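**Q** sequence plus predicted model, see below.
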Amino acid sequence: MKYSREFIGITGFLLVLGTLYFGLIQTGPAKYFTAPNAQKLFYLHVPSGLITYLAFLMVVGGSAVYLYNKSDYADRLAKCSTELGIVFGFMSLASGTFWMKAEWGGDIVSRFLTDMRLATTLAMWLLYIGYFVYRNQPENSIVKNNAAILGLSGMLMVPLSYLSSRFLRSHHPVIVGTEDQGSLDPSLRFGLYMGLFGFLLIFIFLFNTRMKIEKMEREMLKLKMENG
Amino acid sequence: MRIFSLLLVILLLSSNVTAECREKECMAKEYKYQENDGSWHTFYYDNIFNIGTNWYIIFDYPFGKNDDTISFEFSTGLGKVHVYDPDKETDSVSFSGSSFTEETFNLELFVNITGSDEIEGAFVLEIHVNKPSAEDMMYLWGGMTVFWIAIGAYTLFLSNRLRELSNKSGLKDGKRKKN
């Protein structure tokens, strides 16, 4: 289908708009929160965090496959996923910072240094910033190999960040995969899933576009080399 | 990339330490209570409990009070018990800013001073629980803006790059144009 990518992107965008309408207008200020309005960030903060994990896991997968069989597609996948992981990670970290400031107050820097969920997530994000910066140089097999090895570090960083609020010192709430997930108010759950699905579609749209660009760039480079 | 770095730095620098005043001078109300033996207790507190901000009650008591305890209990059932430190003459008790979620007027706070076995004093203070105007709206919109800026900027970047590449190379979807 000619416009399938655009269709996915627009559907995702509409779903996110729907989530905003639902969260901001339909449900009203949240109860039992110090910052009942800032709580609305929940509907997009959680999905952006989960999509960040997905993107970085794709980097791990792509890197592993590249190291195994030197597949150009796997290398492209890892490179493009990193960029998207950085964008969604930025959204998750920044929105979380705003919410944290409203709900918990206090000093943001010290919270990032002392709360393990925040610290490990920021460390994971900075690691992939390092990956991104490293790849911003003329590509050859050594760069690709080293990048793939760096990309594999997500194998440790993603679970560490995800599990940190369960097993390490952290104030960050834990919902997914716990009893609290089942006890989430149905309206909260509906908004959360709508936001998650919306962001997932936007992610697919952006990922496809980025992969297409990467393919074109490599094709151009190949043509240039062929023509001397 | 530069925009992301800039935004991150701004976020980090915009943080600040907010400290609540725990000094007697900051308290709007003062209440004195005299025990039967003539000794005085003075309580300093704010008669407005702002939801989201910790609430303190500071009290002066006669030096050398051993074994005495003082309890504070709101009519909602929320309470705290404090044992006098014989080496001090002033102490305080705090209640978290999230102790209440709804606005309440004339909320009673029962204060009981207990000696070794018997109640040495009991009285009631009244405060109001205030729900401050929604200042967190600023944080909500700040957080929401992050999503739109990030997705918008990245989509724009990809779209410009795609157009640029298509124009430059005569390639479409990574394939040569057919003549």
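**A** Structure received.
**Q** for the helix or strand containing A:K101, packing partners?
**A** Taking DSSP states H and E as the criterion, A:K101 maps to helix A:72-103. With contacts taken as 3 or more CB pairs under 8 Å, 6 or more residues apart in numbering or on different chains; DSSP states H and E, helix A:72-103 sits against helix A:42-69, helix A:108-114, helix A:116-135, helix A:141-152, helix A:186-226, helix B:2-13, helix B:136-169. C-beta: built from backbone N, CA, C; applies to glycine.
**Q** any idea of the pLDDT on the nearest residue to A:G62 once chain neighbours are set aside?
**A** Excluding the flanking residues, the one nearest A:G62 by CB to CB, 6 or more residues apart in numbering or on different chains is A:A78, at 3.1 Å. A:A78 is assigned 95 on the pLDDT scale.
**Q** quick one: contacts for A:A78?
**A** A:58-59, A:61-63, A:66, A:147-148, A:151 (CB atoms under 8 Å, 6 or more residues apart in numbering or on different chains).
**Q** circling back: can you pull the buried residues of the helix holding A:K101?
**A** Applying a neighbour-count criterion of 16 or more other CB atoms under 10 Å in any protein chain shown, one finds A:74-103 buried in helix A:72-103.
**Q** got the domain ranges for chain B?
**A** B:19-130, B:134-179 (automatic domain parsing).
**Q** what sits up against stretch A:9-16?
**A** A:44, A:194-195, A:197-206, B:147.
**Q** extract the C-alpha trace of it and format it as PDB.
**A** What follows is stretch A:9-16, C-alpha atoms only, in PDB (Å, rounded to 0.1, in the frame of the first residue of the first chain):
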ATOM      1  CA  GLY A   9       1.800   7.700  11.500                       C
ATOM      2  CA  ILE A  10      -1.500   9.600  11.300                       C
ATOM      3  CA  THR A  11      -3.400   6.900  13.200                       C
ATOM      4  CA  GLY A  12      -0.800   7.100  15.900                       C
ATOM      5  CA  PHE A  13      -1.000  10.800  16.100                       C
ATOM      6  CA  LEU A  14      -4.800  10.700  16.300                       C
ATOM      7  CA  LEU A  15      -4.600   8.100  19.100                       C
ATOM      8  CA  VAL A  16      -2.300  10.300  21.000                       C
END
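**Q** mind listing what's buried along it?
**A** A:9, A:11-13, A:15-16.
**Q** quick one: average pLDDT of that stretch?
**A** 93.
**Q** residues contacting the residue most central in space within chain A?
**A** Nearest to the mean C-alpha position of chain A, counting by CA atoms, centre = their mean, stands A:T52 at 1.6 Å. In this structure, A:T52 makes contact with A:85, A:88-89, A:92, A:125, judged by CB under 8 Å, 6+ apart.
**Q** let me see the contact set for the residue nearest to B:Y154 when sequence neighbours are not counted.
**A** Nearest residue to B:Y154, sequence neighbours excluded (CB to CB, 6+ apart): A:V87, at 5.0 Å. Going by CB under 8 Å, 6+ apart, A:V87 touches A:206, B:150-151, B:154.
**Q** of these, which pair is most distant in space?
**A** Taking CB to CB as the measure, those span a maximum distance of 10.6 Å, between A:L206 and B:A150.
**Q** which one of the contacts of stretch A:9-16 is nearest B:L162?
**A** A:L206 (11.6 Å).
**Q** I'd say that closest one and A:G85 touch.
**A** No. If you go by CB atoms under 8 Å, A:L206 and A:G85 don't touch, sitting 11.2 Å apart.
**Q** overlap in contacts, those two.
**A** By CB under 8 Å, 6+ apart, no residue touches both A:L206 and A:G85.
**Q** which residue comes closest to B:T114 once chain neighbours are left out?
**A** Sequence neighbours aside, B:T69 is the residue nearest to B:T114 in space, at 4.9 Å (criterion: CB to CB, 6+ apart).
**Q** and if you look at B:F95?
**A** B:W55 (4.7 Å).
**Q** for B:E103, same thing?
**A** B:K131 (4.5 Å).
**Q** and the gap between that neighbour and B:I48?
**A** Counting by CB to CB, to the nearest Å, the gap from B:K131 to B:I48 is 11 Å.
**Q** and if you look at A:Y53?
**A** Going from A:Y53 to B:I48 by CB to CB gives 44 Å.
**Q** do B:S75 as well
**A** B:S75 sits 17 Å away from B:I48, going by CB to CB.
**Q** what segments of chain B are strands?
**A** For chain B, strands defined by DSSP state E occupy the ranges B:29-34, B:40-45, B:48-50, B:55-60, B:69-74, B:79-83, B:90-95, B:104-114, B:119-130, B:171-172, B:175-176.
**Q** which residues sit in contact with A:I204?
**A** Applying CB under 8 Å, 6+ apart, the residues near A:I204 are A:8, A:12.
**Q** ok so, going back, quick check: which of the domains of chain B is nearest to A:T27?
**A** When the domains of chain B are ranked by proximity to A:T27, the top entry is domain B:134-179, at 13.2 Å, counting by CB to CB.
**Q** centre of the chain versus that closest one, how much separation?
**A** Put simply, domain B:134-179 sits 38 Å off its chain's centre (CA atoms, centre = their mean, to the nearest Å).
**Q** pLDDT wise, what is A:L113 at?
**A** At A:L113, the model reports a pLDDT of 86.
**Q** from A:R169, how far out is the nearest residue to it once chain neighbours are set aside?
**A** In this structure, A:L113 finds its nearest non-sequential neighbour in A:A119, 6.4 Å apart by CB to CB, 6+ apart. Separation of A:A119 from A:R169 (CB to CB) stands at 10 Å.
**Q** ditto for A:I213
**A** 42 Å.
**Q** so how many other residues sit close to B:I119?
**A** 10 (other CB atoms under 10 Å in any protein chain shown).
**Q** am I right that it is in contact with B:N112?
**A** Yes. With contacts counted by CB under 8 Å, B:I119 reaches B:N112, the gap being 5.9 Å.
**Q** for A:T19, what are its contacts?
**A** A:43-44, A:191, A:194-195, A:198.
**Q** hmm, try it at 10 Å
**A** Contact analysis of A:T19 by CB atoms under 10 Å, 6 or more residues apart in numbering or on different chains lists A:40, A:43-44, A:47, A:190-199.
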